[in-house]
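>>> okay, structure incoming, though there's no sequence with it:
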């Protein structure tokens, strides 16, 4: 039986090969995808985020840990919707302009996919114009914006204003999140909801589309 704590540690260390190997063994050993996520990968990413906030980890560590999770996820994606989660809808997500951090966003994506969402990831440093373009050409139910840095929070507000100016605001529900964000701030900038982390994001998203 694979020790999922070892998988978490592989993520923290940015050990891509070990994360890949342990995830593969966990899948082959019949461990549920939800358990691999909730006990292995997600706790590892959270620890990396904590170390970053404390100044003990920097961007290179964030990148390699993210790569470790991305490699592990290659084994999980084919099974993400096979454990009883009903289809919820389409979710567009990206980190706002000026912010290149994606650990929090990646946790949200994993939780959403594990709960029946079809997720399109725009990536990091996404401009208001890029969000608008994606919304205008896609049939999304919710748009999620992540901001890990306080200095980039205004860009989430600018994106919402850009959606309004383009006549797209009423086409989608908007969720925002990230370490420095709050529910009060989300309400101030005109978002529909705020989520502090991945598990909460999945619950909030379901409520927004009336499927909670």
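The structure has been received and is ready for your questions. Quick caveat, the model's predicted, so the values are computed rather than measured.
>>> beyond the helix ranked longest in the chain, next helix or strand please.
Looking across the chain with DSSP state H, the single longest helix is helix 59-76. Sequence order places strand 89-95 as the next helix or strand after helix 59-76, per DSSP states H and E.
>>> in that following strand, what counts as buried?
Within strand 89-95, the residues that count as buried by 16 or more other C-beta atoms under 10 Å are 89, 90, 91, 92, 93, 94, 95. C-beta coordinates here come from the backbone N, C-alpha and C atoms, glycine included.
>>> run the angle between the helix or strand following that strand and helix 59-76 for me.
Using DSSP H and E, the helix or strand that follows strand 89-95 in sequence is helix 103-114. Interaxial angle of helix 103-114 relative to helix 59-76 (axes from the mean of the first three to the mean of the last three C-alpha atoms, to 10 degrees): 10 degrees.
>>> what is the rounded mean pLDDT of helix 103-114?
For helix 103-114, the mean pLDDT works out to 84.
>>> just stretch 26-46 next, same as before
For stretch 26-46, mean pLDDT rounds to 89.
>>> can you give the distance from that stretch to the centre of its chain?
16 Å (C-alpha atoms, centre = their mean, to the nearest Å).
>>> give me the residues contacting the longest helix of the chain.
Outside helix 59-76, the residues within contact range by C-beta atoms under 8 Å, 6 or more residues apart in numbering are 7, 10-16, 19-20, 22-24, 27, 33, 36-37, 41, 44-45, 48, 51-52, 100-103, 106, 110.
>>> can you list the buried residues of strand 89-95 in TSV and add pLDDT and distance to residue 163?
Converted to TSV, the buried residues of strand 89-95 look like this (pLDDT from 0 to 100; distance: C-beta to C-beta, whole Å):
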residue	pLDDT	distance to residue 163
89	95	18
90	97	16
91	98	16
92	98	11
93	98	14
94	97	13
95	96	17
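>>> ok, of the residues you listed, which one's closest to residue 126?
Comparing those against residue 126 with C-beta to C-beta places residue 94 closest, at 3.8 Å.
>>> part of a strand, is residue 175?
Yes: according to DSSP: H, G, I helix; E, B strand; the rest coil, residue 175 belongs to a strand.
>>> residue 132 versus that one, what's the distance?
In this structure, residue 175 lies at 17 Å from residue 132, with C-beta to C-beta, to the nearest Å as the measure.
>>> then residue 168?
6 Å.
>>> before we move on, what about residue 145?
Where residue 132 is concerned, residue 145 sits at a distance of 12 Å (C-beta to C-beta).
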